[in-house]
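[1] fold the following and give me the result.
(one chain, ligands or ions: 2)
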Amino acid sequence: MDLGGRVVLPGFVDSHTHLIFPSSRAAEYEQEIAGATYEQIAKKGGGILASVRKLRRMGPAELKFGAHIHLRQMAAHGTTTVEAKTGYGLDFSSEVKMLEILRELRLEQKLDIATTFLGAHVVPPEYKGRVDDFVDLVARIWIPYIARSGFAQFCDVFCDRGAFTVHQAARILTAGIVCGMTPRIHADQLARTGASRLAIRLHAASADHLEKIDRSDIRALAKSEVACTLLPGCCFHLGLEHYAPARALVDAGAAVALATDFNPGTSPTLNMQMILSIACSAMRMTPAEAIAAATINGAYALRRHARVGSLEVGKFADLAAFDVDDYREIPYYFGVNHCSLVIKRGAVIFDKSRTMKIS
Ligand code: NIG
Ligand code: FE
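    Ligands and ions are numbered 1, 2, ... in the order given. Modelled structure (predicted):
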């Protein structure tokens, strides 16, 4: 194929998304702009629980339709592999509804999807004040069922202030390990709870967020095999100044990955090119470091680095072409989609010249 001298990269591996959600929360965005914090909104019944209430009522066809549209948009922005979490159901049937949608999506469209069970996203309203009972239910009943059904490769917990403690997260993730699921953790985003240390202890595939880690955590993560997945779309969208210490992590030798965290509360973008721009400008990563973090290191965070994440003989032909002369122009000209052609496993799935026709 003659691509006319365009830049070609491995397709992006977006290793942290909350792909399936019922609708935007644009009204909360306006409250945040006016000064309310993410945690204040959550305390008033907004935030994750607002999405949970809506998702429980919604039929699977409607939810799947929304996810299909988002997957097509991801492909059109150069993403060829995506991780997707549950966690807006929080009761058994709604979590299984999300898992079934993800199973169908894997067959119905071209992007590779890695599924993560995030049953412990927040405490569901019916377990308010009985958190340990909920943890017990997830660890003893839900996880063995989900593992037996082959629904999810990974198990995740939102281990943070206002969500689950390190002790509760350890219980859930250990139950997942026993059943053959690989752990990954939402760690140290709102407060330094020690979640990234738990990730190391449990040999998690990845510790994600890491805004609040300290110097000793950075050293420990760099020595470990845990991928450090940074999600700077959250700080950007919420208008926070304190980004994760990307520079220190890279310099210490950690495996830093970048992902969108695509979700309706903290990071409503599915565009990995925008994440590259934020990573470079706000976290001082170089364009080359950011691209490696969004491709091969994202693949490592999903433990799929033998098949995707780089252009090498023996791997899938997953690639994205960009309408720029120099790879550095992808983050530099920020906020537009430079992607013009996407190939997944050797087949064209997006071609801009065919006016947005995406298969
Ligand atoms: O990764 N931190 C927890 N979960 C998401 C936010 C989800 C939401 O607000 O709906 C995150 O930032
Ligand atoms: Fe997340």
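[2] need the single longest strand in the protein, by residues.
    In the chain, taking DSSP state E as the definition, the longest strand is strand 112-120.
[3] against Ser277, how distant is Asp108?
    Heads up, residue 108 is Glu, not Asp. 31 Å (Cβ to Cβ, to the nearest Å). Quick note: C-beta positions are derived from backbone N, CA and C, even for glycine.
[4] should've said Ala320
    Counting by Cβ to Cβ, the separation of Ala320 from Ser277 is 16 Å.
[5] swap in Ile200?
    From Ile200 over to Ser277 the distance is 30 Å, taken as Cβ to Cβ.
[6] packing partners for the helix or strand where Leu107 lies?
    For Leu107, the host element (DSSP states H and E) is helix 92-108. Contact partners of helix 92-108 among helices and strands, from 3 or more Cβ pairs under 8 Å, 6 or more residues apart in numbering; DSSP states H and E: helix 48-57, helix 60-76, strand 112-120, helix 143-148.
[7] try 10 Å
    Secondary-structure packing of helix 92-108 (3 or more Cβ pairs under 10 Å, 6 or more residues apart in numbering; DSSP states H and E): helix 48-57, helix 60-76, strand 79-85, strand 112-120, helix 143-148.
[8] all strands of the stretch 251-359 of the chain, in order?
    Assigned by DSSP state E, counting those that start in this stretch, the stretch 251-359 of the chain shows strands spanning 256-258, 319-322, 339-344, 347-351, 357-358.
[9] average pLDDT for the second one?
    Just to be clear, that refers to strand 319-322. The pLDDT scores in strand 319-322 average 98.
[10] same deal with the third one?
    Here the mean pLDDT over strand 339-344 is 98, rounded to a whole number.
[11] could you dump it to CSV, C-alpha only?
    C-alpha atoms of strand 339-344 as CSV (Å, rounded to 0.1, in the frame of the first residue of the first chain):
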residue,chain,number,x,y,z
CYS,A,339,-5.7,9.2,11.8
SER,A,340,-6.5,8.4,8.2
LEU,A,341,-6.2,4.6,7.9
VAL,A,342,-6.5,1.8,10.4
ILE,A,343,-5.6,-1.8,9.8
LYS,A,344,-6.7,-4.6,12.2
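[12] what separates that strand from the chain centre, distance-wise?
    21 Å (Cα atoms, centre = their mean, to the nearest Å).
[13] what pairs with it, parallel or antiparallel?
    For strand 339-344, sheet partners with direction are given as strand 319-322 (antiparallel), strand 347-351 (antiparallel), following DSSP bridges.
[14] if I look at the one residue in the stretch 151-300 of the chain that gets nearest to ligand 1, how far off is Val166?
    Residue nearest to ligand 1 within the stretch 151-300 of the chain (Cβ to the nearest ligand atom): Gly265, separated by 2.0 Å. As judged by Cβ to Cβ, Gly265 and Val166 stand 23 Å apart.
[15] neighbour count for those two, which is higher?
    Gly265 (24 against 19; other Cβ atoms under 10 Å).
[16] phi and psi next, for that one.
    phi -100, psi -50 (degrees, to the nearest 10).
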